[in-house]
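# pasted the sequence and its predicted model underneath.
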Amino acid sequence: MKGQRERRLQAEKKPLLMRSSSSSSSLSSLSVSDAVDLPSKRDSDTHGNNSLPGRTDWDSATPVRSNLSTNGATNTGCLPHIRYLTKNKLPRSFSLPLGMHGPQDPFPELSSPPPMMGGGSHPNYHSMTVMLNFYNNDHSFKNLLVEEHLQARDVCHLLAMKNHISEDKSWAIVEHVKELDLERSLEDHEVVLDTFEEWSTCECPRENKFLFRKDFRKYELFENPAQFFPSHMIDASKIESPKDEPLGILETSEKAKTVLLQNLFNSHEKLPDIHGLLYMREPGKKTWKKMFFCLRGSHFFYSSKGASKDPRHLVQFADVRHCVGYLLLNAKKNHGAPTDFAFVLKCKTGWEDLKYLCADEESSRQCWIASLRLVKSGKQLRENHRAAKNRESLVRTQDHSDEHFRHSIVSKGRVAMDYTGSSTRVVDDPREAFAISVSEEHEWRKKAPVASGRLSSSPTVRKAGIEAGMHLAQPWFFGGISRQQSVEFITAQGLVDGLYLVRDSHSISGAYVLSLAHNQKVKHLHITTVVVDGVPYYTADNGATKFHDLIQFIEFYQANKGCLPTNLTHHPTTLL
C-alpha cells in the first residue's frame, strides 16, 4: 500500500514540473516588448494614451526612455498579471509594479532618437547631442556634434580647430532662415541648439542653415562705437558732459561725442535715446509707411504725430527685451521695401508675428541693430567682449612663447655672421643682428622689381612670374575677383571702417584695386605704378607716396591714414 501511494504521488508531480519548465523556457525567450502588463482601470487613468517605453512617438517627436532590460524581463515571469503578446499586438500602456523594474540602462543615449543633421528634418525635442552642418563661404561645410548646452563661442572654437585656422574673436555663427530671407549672428553666450529648435516651427526648416564666418560688427561696437551711432540719431541731451567741459561745446563737437560714447560703453551707463525715421510695413499689408521712431530704455516707440517725442504721442511698437533683430536680405526685390536696408524684429517664439522695418541707408540700419543689441543684453555683451579679448591675449602669449622656444632651439645650432668686411666675424649683439636683417629686407624689396624694369601688362604673366611679388600669398589679396564680388565679401563680414581687400584691376592693365569699407559703404581706389629712374613703384596718390611692393603699401596704411578715408584694420577671411 505504501509503495503504491508513493508511485501515485510521483505521477501527479511529473506533469506539474513539465508545465513549469515549459513556462520558464518560454519566458526566457520573450523580449521586453513581448512582456506587457494587462491594462486595468487604474493603469488606463494613469497612463492614458502614452507611447510604449523605449519607443518614440514620432507624431509628437518626444523621446520616452525605459529602465527595462532583457535581464529584468526574464525575472518577471513569476508575476501572475503578465501576459505575452506578439510584437504586432502591443497594448497602449506598459508598466511594472513598483520595485520590479530591471536594472538601469548603462547606455541610455543608445535608446534615444537618432541625431538629426542641420538642414534635415527638425522634430520638436531637445536631444543631448545633434549633428549639425556649418557652411563656409564656398558652400562647403563641416559636421560638428553639438551638445545640449554648447554656446556659440564654444562652437566657434571647435570649428576653428576643425578648419585649422587661428582663433579670433570675430568668428561668428550666423543663423540663416532662407524661407523668410532672414539672417543674424548669434551672440557668444547663446545656446546653439536653442536656435536650432526654433526652426521646427518654420514651414521649410530643412532649408535653414548655420554659417561659419567672420562678423567684425560683433565687437567693433565696443572698440569704435562712433561709426555705429551717427550724431543726428543720438539725443545729446541725455549724455552727461564731463565736469571740465561746458555742455554747449560738447553738443556741437563730433570728437567730443566720440569720447563720450567710448566712456559710455566702458562705464556701463544707460544708452541715450535713439531716434530717426523708419519705414514700417503695416500688419497684414504689403505697404510701407514712414514713421518717426524712438528707442527709449527698453521700449521701442513710434510717434502718432510727426516727429514729436511727447509721451502723449508715442505708441509702443515693441518691448526690446523680448525681441531678436534680424537683417532682411533682398528686401527691395522680394518684400517690396523702399530700400534694401531693412531689418526684422522677432518678438515671440514663433515666426508668425514679425515686425518689418526699413531704413534709408545702411548706417541708420546698423545704428538701430546695435542699439537693440545693447538694450537687450548690453551687460552680457560687455562681458563677452572682455572674455574674448582675454582669450586673444592668451593665444598671443602662447604663440610668442612657442616662437621664442623655436628660436632658442635654432639659435643653438646657428649664429649671425657678417661678411661685409675683409674678414668674417660673428655678430654677438642680438640688436645688431636684428638691424642687419631689417636692412637686408629693405634691400631685397628695392632690388626685386628691377628684374624687368616694368610690370607686365598681362595678369597671367604677372601672376606666374617673380614680378608678382610676395603679395600673392597674403590673406588680403583676392586676385581677379570682380567689383561686385569684393563688395559681397566685405558686406558679408561686417562693413566696419577699415575692412579691406586688394584685387586685380579689370580696367587698368597691370594695376590693382583697394576695396575699402568706410561709413557703411565700400569704396574702390586704384593702386597704379609710377616709374622713377627706371624703377617701378606702387602708389595710390599719383606718386606722392611710393612703395616698392604691395606689402609695404598695406603696412604703411595700416599705421597711417594717408590719402585714405580711414586706416586699414581688418581683411575678410575665406575658408578653403
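Done, it's in.
# what about the stretch 301-450 of the chain, any weak spots by pLDDT?
Where the stretch 301-450 of the chain drops to pLDDT under 70, the residues are 398-415, 438-450.
# show me where the stretch 451-576 of the chain has its strands.
500-504, 512-518, 521-532, 535-539 (DSSP state E, counting those that start in this stretch).
# now the ones you listed in a markdown table, with distance to Gln316, mean pLDDT and mean neighbour count?
Yep, even glycine has a C-beta here, placed from its N, CA and C like the rest. Shown next, in a markdown table, are the strands of the stretch 451-576 of the chain (distance: least, C-beta to C-beta, whole Å; pLDDT from 0 to 100; neighbours: other C-beta atoms under 10 Å):
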| stretch | distance to Gln316 | mean pLDDT | mean neighbour count |
| --- | --- | --- | --- |
| strand 500-504 | 42 | 94 | 23 |
| strand 512-518 | 35 | 95 | 22 |
| strand 521-532 | 33 | 92 | 15 |
| strand 535-539 | 56 | 90 | 19 |
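# to Leu575, which of those strands lies closest?
The closest of the strands of the stretch 451-576 of the chain to Leu575 is strand 500-504. By C-beta to C-beta, the value is 15.3 Å.
# now that closest one against strand 512-518, angle please.
160 degrees (axes from the mean of the first three to the mean of the last three C-alpha atoms, to 10 degrees).
# mind listing residues that contact strand 500-504?
459, 471, 474, 476-481, 486, 489-490, 512-517, 527, 550, 554, 568-572 (C-beta atoms under 8 Å, 6 or more residues apart in numbering).
# quick revisit: would you list the strands of the stretch 451-576 of the chain in CSV and tack on distance to Thr339?
Shown next, in CSV, are those (distance: least, C-beta to C-beta, whole Å):
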stretch, distance to Thr339
strand 500-504, 25
strand 512-518, 19
strand 521-532, 14
strand 535-539, 37
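# picking that back up, which ones among the contacts of strand 500-504 map onto helices?
Pro459, Ser486, Phe489, Ile490, Leu550, Ile554 (DSSP state H).
# pLDDT-wise, what's the bottom of the residues you listed?
Lowest in pLDDT among the ones in helices among the contacts of strand 500-504 is Pro459, which has 45.
# how about the nearest residue to Gln366, chain neighbours excluded?
In this structure, Gln366 finds its nearest non-sequential neighbour in Phe228, 5.6 Å apart by C-beta to C-beta, 6 or more residues apart in numbering.
# what's the pLDDT at that neighbour?
pLDDT recorded at Phe228 is 90.
# that one contacts Leu221, doesn't it?
Yes - contact status for Phe228 versus Leu221: in contact at 5.8 Å, counting by C-beta atoms under 8 Å.
# overlap of the contact sets of those two?
Taking C-beta under 8 Å, 6+ apart as the contact rule, the neighbours common to Phe228 and Leu221 are Ala370.
# and Val174, that's in a strand?
Yes - the assignment for Val174, made by DSSP: H, G, I helix; E, B strand; the rest coil, places it in a strand.
# neighbours of it, how many?
20 (other C-beta atoms under 10 Å).
# show me where the stretch 151-300 of the chain has helices.
Here the stretch 151-300 of the chain has its helices, by DSSP state H, counting those that start in this stretch, at 152-162, 192-198, 217-223, 247-252, 254-266.
# which of the contacts of strand 500-504 are buried, as a PyMOL select command?
Of the contacts of strand 500-504, the buried ones go into a single PyMOL selection, burial set by 16 or more other C-beta atoms under 10 Å:
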select buried, resi 459+471+476+477+478+481+486+489+490+512+513+514+515+516+517+527+550+554+568+569+570+571+572
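# please, where are all the helices along the stretch 351-500 of the chain?
362-413, 430-447, 459-464, 483-492.
# next helix or strand past the helix or strand hosting Tyr326?
Assigned by DSSP states H and E, Tyr326 belongs to strand 324-328. Once the chain leaves strand 324-328, the next helix or strand it forms, by DSSP H and E, is helix 331-334.
# contact partners of that following helix?
Against helix 331-334 from outside (C-beta under 8 Å, 6+ apart): Asp181, Ala337, Pro338, Thr339, Asp340, Phe341, Ala342, Cys358.
# could you redo the last one with a cut-off of 6 Å?
Residues outside helix 331-334 that contact it (C-beta atoms under 6 Å, 6 or more residues apart in numbering): Asp181, Ala337, Asp340, Ala342.
# which of those residues tops the neighbour count?
Ala342 (25 neighbours).
# which residues does that residue bridge with?
Leu328, Cys358 (DSSP bridges).
# where does pLDDT dip in the stretch 451-576 of the chain?
451-469, 576.
# one step back: now the ones in helices among the contacts of strand 500-504 as CSV including distance to Thr195?
Listed next are these as CSV, based on distance: C-beta to C-beta, whole Å:
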residue, distance to Thr195
Pro459, 43
Ser486, 30
Phe489, 25
Ile490, 26
Leu550, 41
Ile554, 37
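# any idea how far Ser200 is from Trp171?
27 Å (C-beta to C-beta, to the nearest Å).
# and what of His299?
According to C-beta to C-beta, His299 and Trp171 sit 33 Å apart.
# Leu328 now?
Taken as C-beta to C-beta, the span from Leu328 to Trp171 is 24 Å.
# doesn't Gln552 make contact with Tyr538?
No - applying C-beta atoms under 6 Å as the test, Tyr538 and Gln552 come out as separate, 7.8 Å apart.
# the more surrounded of His299 and Trp171?
Trp171 (25 against 15).
# ok, for the more buried one, nearest residue in space, not its chain neighbours?
Nearest residue to Trp171, sequence neighbours excluded (C-beta to C-beta, 6+ apart): Cys156, at 4.5 Å.
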